[in-house]
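Q: coords please:
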Amino acid sequence: MLTDGLRSALDRAQAQVNGLVLGKPHEVRLAFVALLSDGHLLIEDLPGLGKTTLAHALAATLGLEFQRVQFTSDLLPADVVGVSVFDPQARSFQFHPGPVFTQVLLADEINRAPPRTQSALLEAMAEHQVTVDGTTHALPDPFFVIATQNPVDLAGTYPLPDSQLDRFLLRLALGYPGEAAERDLLAGANRRDLIAQTLPILGSEDVIAARSAVNAVHASDALIGYVQALLARSRRHPGVRVGLSPRAGLALLRAARAYALLLGRAHVLPEDVQALFAPVAAHRLVADADAGHDGALAKAILHAVPVD
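A: From the prediction side, this is the model:
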């Protein structure tokens, strides 16, 4: 389990991010769940609602090495992972690492880049390594990708393929702020200036230790059976063309363990799974053309499976 010092640091880190991203405590907690689960985070919403602010606030609070890549239509894979350049003096190719060689990577507006560039992140996200010209290069530990994307019906976007979506542990949306939070935002200091003044609270060793503590959170046989029932229901639910895979079930359990840990528990409850089911499962479901939004399908699946 977490030491008292690390638990206090995690609480202060969440409080600091909440002070920068106003009125979104649940979404901030989900971001920390993705971090502690050794997963990656996809933030999808309209422009101007704080997606990049959340990513910058997380990076500043974590105190990890940070790089940001603005994904555009002319971005090439080498611009992300790096490139081998011939050195005439050494008479050999020398690898020049790209921005992916960092601990926290912000892939901003990832769906504005073409599919070939999007796929450059697949190996990095899945294996924490990059292969260039037949040579494999390990990425730093911890390695955490925060990607933002605009809704696919906006101009100039390329939908992420299912294989890429599956690499994201969680997908969340921020939505419009509440009235009080929006007033504080309008009347307060510039978020960019506040983030620039932010001091880190956590570090690499803290994140690694917290991830180890997540693995020790207990999930009972009954709870694992509940997760398995959700997976089975997703594969036969009306309107779902492709249901959830076993990897999705592992992701759900891992996220539920992290969620329980952040709430101060050493065991997972069905309520933890229910709170995380839509963020973990919705973007992994492949719906029929007339089945509606994947988030609504995820909620319908959750309501259709009773807790024993």
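
Q: mind listing what's buried in stretch 191-203?
A: 191, 194-195, 198, 201-202 (16 or more other CB atoms under 10 Å). Where you see a C-beta, it was placed from the backbone N, CA and C, and this is true even at glycine.

Q: farthest pair within these?
A: Farthest pair in those (CB to CB) is 191 and 202. Separation: 20.2 Å.

Q: burial of residue 179, as a residue count?
A: Here the number of neighbours of residue 179 (other CB atoms under 10 Å) works out to 9.

Q: dump the residue contacts of it.
A: Listed by CB atoms under 8 Å, 6 or more residues apart in numbering, the contact set of residue 179 is empty.

Q: ditto for residue 117
A: 71, 75-77, 79-80.

Q: backbone dihedrals for it, please?
A: Residue 117 adopts backbone torsions of phi -70, psi -40, taken as degrees, to the nearest 10.

Q: can you tell me how far it sits from residue 81?
A: 10 Å (CB to CB, to the nearest Å).

Q: just to revisit the earlier point, among the buried residues of stretch 191-203, which are in helices?
A: Among those, the members falling in helices (DSSP state H) are 191, 194-195.

Q: can I get these in a markdown table with pLDDT and distance to residue 279?
A: As requested, these are exported to a markdown table (pLDDT from 0 to 100; distance: CB to CB, whole Å):
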| residue | pLDDT | distance to residue 279 |
| --- | --- | --- |
| 191 | 82 | 24 |
| 194 | 85 | 26 |
| 195 | 86 | 24 |
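
Q: closest one to residue 24 out of those, please.
A: Checking these one by one against residue 24 (CB to CB), the nearest turns out to be residue 191, at 12.6 Å.

Q: just the helices in the stretch 1-150 of the chain please.
A: 4-20, 25-36, 51-62, 77-81, 115-118, 122-127 (DSSP state H, counting those that start in this stretch).

Q: of these, which approaches residue 159 most closely?
A: helix 115-118 (8.8 Å).

Q: generate a PyMOL selection restricted to the buried subset of the contacts of residue 117.
A: Buried residues within the contacts of residue 117, by 16+ other CB under 10 Å, are selected in PyMOL with:
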select buried, resi 71+75+77+79+80
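
Q: out of the contacts of residue 117, which comes closest to residue 177?
A: residue 71 (25.2 Å).

Q: and the closest one, what does it touch?
A: By CB under 8 Å, 6+ apart, residue 71 lies in contact with 107-113, 117-118.

Q: make TSV out of these and add distance to residue 272.
A: Shown next, in TSV, are the contacts of residue 71 (distance: CB to CB, whole Å):
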residue	distance to residue 272
107	28
108	30
109	31
110	28
111	30
112	34
113	34
117	36
118	31
